[in-house]
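Chemist: What follows is a predicted structure for the sequence shown.
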Amino acid sequence: MIASLMMYQRPELAAAHDRLWQGIRVRLQDTGIDAPEALDQDAEEFSVWRDPDLILSQTCGMPFRLWLHTHVALVGTPDYGLKGCAPGYYRSAIVVRADDPRGDIAAFRDARFAYNQTFSQSGFAAAYWHVKPMGFFFENRLHTGQHLGSARAVAEGRADIAAIDAVTWRNAQTFEPFADGLRVLDWTAPTPGLPLITAKGRDTDVMFEAVQGAIAALSTKDTAALGIKGLVRIPKNTYLSVPNPPDIAP
């Protein structure tokens, strides 16, 4: 069995994530569900998400609707209290260098766009649908593998523009000195946030209550560090209704 909350992991938040997990684990054990003693934060993401003995993990909405929704069960969606978003929703900050004089996104038509993965809702799909009404998408692209890598590439001048998950951007502003050299040019439209999933066949109501209870029991310090406000239910079909860029299909 395995559990991982890798999506927003970073060293400064490791202890808070561990305490959240211990709260979830105790509540699961109280209902007779065995759970790993510790989170596996370094495991390869798809191996975790597709593990038939998955207890709990967090995935991105795009992999969920493309590949995972028929193989896993949806538990719920953490609410990170993001400005401009309904509970459980998120959006992307379109970031550029603070000293870049260009004032609107259309001026970046020929700029180099940094992205984490083509199957990222916040790092790729959100940007695609944001600029599509302007009649273009970025042809000059830099694949970085991670949101922070994309933001850093812009700050260092290896790219000019990137779309960064709002939670990751908030954390970067707190912990990453390079973020001071960036500014938000625009925000994408909100979409359902990163869902929690478990192996198919598990009792998702029990899982939901365990996570919800653990979040509510967090200290004020841990709640502030993780930026987590609660857990909400967003229907599976709402995730599946978010459109994919045309070159990416199940």
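Modeler: Structure received.
Chemist: My read is that residue 88 contacts residue 193, right?
Modeler: Yes: checked against C-beta atoms under 8 Å, the pair residue 88 and residue 193 is within contact range at 5.2 Å. The C-beta positions use only the backbone N, C-alpha and C, and glycine is treated the same way.
Chemist: Between these two, which contacts overlap?
Modeler: Common neighbours of residue 88 and residue 193 are listed as 77, 78, 79, 234 (criterion: C-beta atoms under 8 Å, 6 or more residues apart in numbering).
Chemist: Of those residues, which is the most crowded?
Modeler: Taking other C-beta atoms under 10 Å as the neighbour criterion, residue 78 ranks highest of the shared contacts of residue 88 and residue 193 with 29 neighbours.
Chemist: Looking at this structure, which helix is longest?
Modeler: For the chain, the helix with the greatest residue count under DSSP state H is helix 14-30.
Chemist: List the buried residues for the helix or strand that comes right after that one?
Modeler: Note on helix 14-30: by DSSP states H and E, the next helix or strand toward the C-terminus is helix 45-49. For helix 45-49, burial by neighbour count (16 or more other C-beta atoms under 10 Å) applies to 45, 48, 49.
Chemist: any idea which of those is closest to residue 131?
Modeler: residue 45 (26.8 Å; C-beta to C-beta).
Chemist: ok, the residue positioned nearest the centre of the chain to residue 105 distance?
Modeler: Computing the C-alpha centroid of the chain and ranking residues by C-alpha atoms, centre = their mean puts residue 194 first, at 4.8 Å. If you measure residue 194 against residue 105 using C-beta to C-beta, to the nearest Å, the figure is 24 Å.
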